[in-house]
Structures are given as C-alpha cells and as structure tokens.
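Peer 1: With the sequence up front, the predicted model follows.
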Amino acid sequence: MFEELLTRLREKKPLVHHITNMVTVNDCANVTLAIGALPVMAHAPEEVEEMAKAAQALVLNIGTLTREQVDAMILAGKAANSLGIPVILDPVGAGATGLRSHSAGRILDEVKISVVKGNSAEIGILAGRGGKIRGVESAEAAANMAEAALELAVKYGAVAAVSGATDIITDGKRIAFVDNGHPMMGTITGTGCMLSSVVASFCGVEQDSFKAAVAAFVCFGLAGELAASCPEVKGPASFKTAFFDEIYNLTEEKLRLGEKLRIE
C-alpha cells in the first residue's frame with residue numbers, strides 16, 4: 001500500500017538529525033543509510049538548533065539521557081517545529097525511573113511531536129494507563145494497547161506507534177496493525193532505536209506521519225523476516241549483518257508481496 005514511499009525516500013535521501021543514545025548510535029546511523037536516507041548525529045546544545053533546521057526529520061531518543069541532553073532535545077525540537085520539520089520521539093524506558101518519565105513528559109509538553117514510537121509499556125505509561133517495566137522491556141502488555149495508543153494520539157495530536165508481536169500505529173482516527181517481524185529481532189540490542197530512525201527517514205519525505213510510520217514498520221519487520229530466512233544466519237551476529245543487507249535490498253515488489261498489514 002505504501003510501497004512508493006520507499007522509492008521516494010531513496011530518490012530524495014532526506015537528512016535525519018539524531019539526538020540518540022550512546023548504545024545504538026552507530027546502528028542508527030547505519031540503518032538510516034541502509035534504508036536510503038542520510039544520518040547526522042549532533043547533540044551539543046550549541047549546535048542542535050542549527051542542525052535541526054538543516055534536516056528533513058529529527059529523532060529524539062532518551063535511551064541514555066542526561067539533563068543537558070534533554071535540554072538539547074527541546075532546543076532542537078522547537079527549532080524543527082518552527083520550520084514544520086517532523087519530530088520523532090522514542091521514550092526509551094519511560095516509567096522505569098522518574099527522570100525518564102519526567103523527561104518524556106517534558107518533551108511532549110514543550111515540543112510538537114509527529115510520531116511517538118515505543119513498546120507497549122512505554123506507550124501505556126505515557127497514555128496514563130500505567131505499565132510494568134523490567135529494565136527497558138515490558139513485563140506484560142497493556143490490557144488494550146490499541147485504546148491506549150488512540151488516547152495518546154488524541155492527547156498530543158501525534159501518531160502513536162507501538163512495537164510488539166503485532167505493531168499498532170494510529171493517528172487517533174486511522175489505526176493500522178502490522179504483523180511483519182521475526183523473533184530473531186529481539187536477540188540484538190537497538191532494534192527499537194533503529195526502527196525510530198527508519199520512521200524518521202520516511203517522515204522526511206511524507207507529510208502524512210501515519211502513512212510514513214506504517215511504511216517504516218512494514219519495511220523494518222519484513223527485513224527482519226527476510227534476514228531470518230537467510231541460510232547463512234546462525235545467530236544474533238550473522239542475523240544483524242543480514243538484517244542490514246535486507247533493509248538495503250528492499251524493493252517495492254518485495255513490499256507488495258510481503259507486507260502483513262490491515263488498516264481500520
């Protein structure tokens with residue numbers, strides 16, 4: 001359904017500004033390149049406004065946050081807002097500590113976010129429904145994650161995108177369910193962070209953030225499926241290599257044949 005966005009992305013090569021976490025910064029840069037966009041990683045408060053204004057999309061990821069970094073995120077976010085540049089928030093571990101919850105809430109209050117992308121616990125907490133956290137992973141899914149995502153989308157006027165066995169993406173009116181993906185994706189760290197980079201890459205060429213997010217989730221999950229089926233994959237390390245290759249080698253035809261998507 002959204003296959004043409006992949007071709008548009010690769011033709012336009014949007015610049016994606018990341019203020020992201022130190023654990024996955026290299027993987028986020030590489031997956032941005034693999035999908036067809038251009039990454040820049042800049043977090044110094046002295047330059048983030050200028051860099052954000054030069055980009056076509058901005059990713060804010062609180063995975064290894066500091067107070068200074070959150071201040072820089074808000075500076076960059078407001079600069080992006082001033083030019084209508086889409087901002088993607090990845091509230092990693094929201095609910096695990098007071099600092100993370102406060103920082104995610106502060107960003108949502110002070111910056112107009114286009115897409116909030118998280119797991120079921122993170123989205124549930126931001127929607128005010130609570131959630132059990134173990135580290136940065138959900139201990140159990142929210143009772144009705146679709147409703148929580150809808151509530152969050154309406155509250156902030158943003159697309160809420162929930163990663164899980166079935167991904168849920170909604171703008172408060174439309175809701176999409178994506179069943180692409182593979183359990184091997186959970187054996188390497190940073191897949192959630194990388195997914196946010198891919199979402200931002202699509203947002204950089206598509207004004208409809210719902211369409212952009214759906215396209216990103218389908219591409220990302222399908223690449224995981226294709227990578228897991230490669231005969232050379234023996235474990236997490238070889239899977240990760242194959243995953244980057246499959247992201248790079250995605251085509252419109254592969255998406256048409258492989259997407260597992262329904263929209264209500």
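Peer 2: Arrived safely, thanks for sending.

Peer 1: Pull up the per-residue confidence for the residue nearest to Val25 when sequence neighbours are not counted.
Peer 2: Excluding its sequence neighbours, the residue lying closest to Val25 (Cβ to Cβ, 6 or more residues apart in numbering) is Met41, at 5.7 Å. No exception for glycine: its C-beta is placed from N, CA and C like everyone else's. For Met41, the pLDDT comes out at 98.

Peer 1: Next one: Met41 from Tyr248, what distance?
Peer 2: Met41 sits 20 Å away from Tyr248, going by Cβ to Cβ, to the nearest Å.

Peer 1: Equivalent analysis for Gly124, please.
Peer 2: From Gly124 to Tyr248 the distance is 34 Å (Cβ to Cβ).

Peer 1: Comparing these two, which residue is more hemmed in?
Peer 2: Neighbour totals were compared for Gly124 and Tyr248, and Gly124 leads with 30 against 14 (other Cβ atoms under 10 Å).

Peer 1: mind listing the helices for the stretch 1-150 of the chain?
Peer 2: Counting by DSSP state H, counting those that start in this stretch, the stretch 1-150 of the chain has helices at residues 3-12, 25-35, 48-54, 67-82, 98-110, 120-126, 145-156.

Peer 1: report the longest helix in the chain, please.
Peer 2: Under DSSP state H, the helix in the chain containing the largest number of residues is helix 209-228.

Peer 1: Export that helix to PDB, keeping only CA atoms.
Peer 2: Extracted C-alpha coordinates of helix 209-228, given in PDB (Å, rounded to 0.1, in the frame of the first residue of the first chain):
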ATOM      1  CA  SER A 209       3.100  10.900   9.500                       C
ATOM      2  CA  PHE A 210       0.600   8.000   9.800                       C
ATOM      3  CA  LYS A 211       1.500   6.800   6.300                       C
ATOM      4  CA  ALA A 212       5.200   7.300   6.900                       C
ATOM      5  CA  ALA A 213       5.100   5.300  10.200                       C
ATOM      6  CA  VAL A 214       3.200   2.400   8.700                       C
ATOM      7  CA  ALA A 215       5.600   2.200   5.800                       C
ATOM      8  CA  ALA A 216       8.500   2.200   8.200                       C
ATOM      9  CA  PHE A 217       7.100  -0.600  10.400                       C
ATOM     10  CA  VAL A 218       6.300  -2.800   7.400                       C
ATOM     11  CA  CYS A 219       9.800  -2.300   5.900                       C
ATOM     12  CA  PHE A 220      11.500  -2.900   9.200                       C
ATOM     13  CA  GLY A 221       9.500  -6.000  10.100                       C
ATOM     14  CA  LEU A 222       9.800  -7.500   6.600                       C
ATOM     15  CA  ALA A 223      13.500  -7.000   6.600                       C
ATOM     16  CA  GLY A 224      13.700  -9.000   9.800                       C
ATOM     17  CA  GLU A 225      11.700 -11.800   8.300                       C
ATOM     18  CA  LEU A 226      13.900 -11.900   5.200                       C
ATOM     19  CA  ALA A 227      17.100 -11.800   7.200                       C
ATOM     20  CA  ALA A 228      16.000 -14.600   9.500                       C
END
